[in-house]
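A.B. asks: Just the structure for this:
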Amino acid sequence: MSLHSASPPALSTFACDGTPATGCFAAGHLGGLTPFLPFELVDAVLEETRAVQRRLRGLPSRVGVYFVVAMCLFPEVGYRLVRDKMAAALVGVLPGPSTKGLRDLRRRVGCAPVKALFEVVAGVLAQPHTPGVRFGSFRTVSFDGCSSIKVPDSERNRARLGRCPHGGHPQIELMTLVETGTRAVIGAVFGPTREGETSYASRLLHHLTPGMLVLWDRGFDSNDFLAAVHATGAHLVGRISQRRRPPVLKLLADSSSLSTIGGVPVRIIEAKVNIACTDGSTFEDSCRLVTTLLDAQHYPADSA
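C.D. replies: Numbers count the residues shown, from 1 in each chain. Sure, this is the predicted structure:
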């Protein structure tokens, strides 16, 4: 629908799902994303983190929060172009701020409101019948990381993160816990790449619940990490190294075996992977899986 702002009569109409802000707040929109980050929520986190502007001027703190989010959506362009994308329908109505003004706005808002906003909106999204998010009665979630995110080559970043091994920009390690199927981010942490995946993933374990089934790849193969995930009450299915030789305590009818890793009772499944590619070629591999779903009758190996 078309909505009009109460600002000067010459203001053009623009499409928006919801009530648009007016005056100096008018630039604080993110199109279709604004209903998911409503003004009331942004104002609340600003109040909670004590980041509300002391004097209302041309760039209020609320606009700053939406500006920071927009910078993540358009990382390839500069400050002013990001702001122009946010206020494309307001050209000629609101004066364009300087690059320095936008930089000062970002610094004034700081990271605390953005962190608080993330903690409010992050979480699972799937409904009970959403495809790809459940195995039996369990909600499937997965750890996923990335260690190639570059940051500005500043003295402060180098002091905390160190230089890239090949002389490039410093990099950060990002680790997320996501809901499979929807790819909704449940939790995220980041920091220097020297810490490793399981170290960062361990900081997200408080998001796990007994109704979840955690999936992971071989990079998370660790006795301590497996035990820590198990302690949350969640179940797991993960890939482990072929070099492992866990004890075979009992062979089961589906060819899996009961064992123990890190003091946790588990099942070991030897899996064969066959992939048919669109070009007609095929790919075959084998992998070893570990799971805390011990009942082979209810959870046979061929369903893993």
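A.B. asks: Using the three-state scheme, assign residue 187.
C.D. replies: State at residue 187, reduced to three classes by DSSP: H, G, I helix; E, B strand; the rest coil: strand.
A.B. asks: That one is in contact with residue 176, isn't it?
C.D. replies: Yes. Using Cβ atoms under 8 Å, residue 187 is in contact with residue 176, at 7.0 Å. Using the backbone N, CA and C atoms, a C-beta is placed for each residue, glycine as well.
A.B. asks: Mutual contacts of the two, please.
C.D. replies: Taking Cβ atoms under 8 Å, 6 or more residues apart in numbering as the contact rule, residue 187 and residue 176 both touch residue 204.
A.B. asks: Which stretches in the stretch 151-300 of the chain count as helices?
C.D. replies: Taking DSSP state H, counting those that start in this stretch as the criterion, the stretch 151-300 of the chain contains helices spanning 155-161, 197-202, 223-231.
A.B. asks: got the residue ranges for the strands in the stretch 151-300 of the chain?
C.D. replies: With strands called from DSSP state E, counting those that start in this stretch, the stretch 151-300 of the chain shows them at 171-179, 185-192, 212-216, 235-240, 250-251, 257-261, 264-276, 282-291.
A.B. asks: quick one, which of those is nearest to residue 160?
C.D. replies: The closest of the strands of the stretch 151-300 of the chain to residue 160 is strand 185-192. By Cβ to Cβ, the value is 6.7 Å.
A.B. asks: From the rest of the structure, what touches that closest one?
C.D. replies: Applying Cβ under 8 Å, 6+ apart, the contact partners of strand 185-192 are 118, 122-124, 141, 149, 160-162, 172-179, 200, 203-204, 206-207.
A.B. asks: cool, and stretch 150-163?
C.D. replies: The contact list for stretch 150-163 (Cβ under 8 Å, 6+ apart) reads 164, 168-172, 191-194.
A.B. asks: do that again at 6 Å, thanks
C.D. replies: 169-172, 192 (Cβ atoms under 6 Å, 6 or more residues apart in numbering).
A.B. asks: Dump these into CSV; add neighbour count as well.
C.D. replies: Below are the contacts of stretch 150-163 laid out as CSV (neighbours: other Cβ atoms under 10 Å):
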residue, neighbour count
169, 15
170, 21
171, 20
172, 17
192, 15
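A.B. asks: just the residues you listed now: which is nearest residue 231?
C.D. replies: Proximity of those to residue 231 (Cβ to Cβ) peaks at residue 192, which lies at 26.3 Å.
A.B. asks: Which of the contacts of strand 185-192 are buried? Put it as a PyMOL command.
C.D. replies: Here is the PyMOL command that selects the buried residues among those (16 or more other Cβ atoms under 10 Å):
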select buried, resi 122+124+141+161+172+173+174+175+176+177+178+179+200+204+207
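A.B. asks: beta partners of the spatially most central residue of the chain?
C.D. replies: Nearest to the geometric centre of the chain sits residue 185, at 3.8 Å (Cα atoms, centre = their mean). As for beta bridges, residue 185 partners with residue 178 under DSSP bridges.
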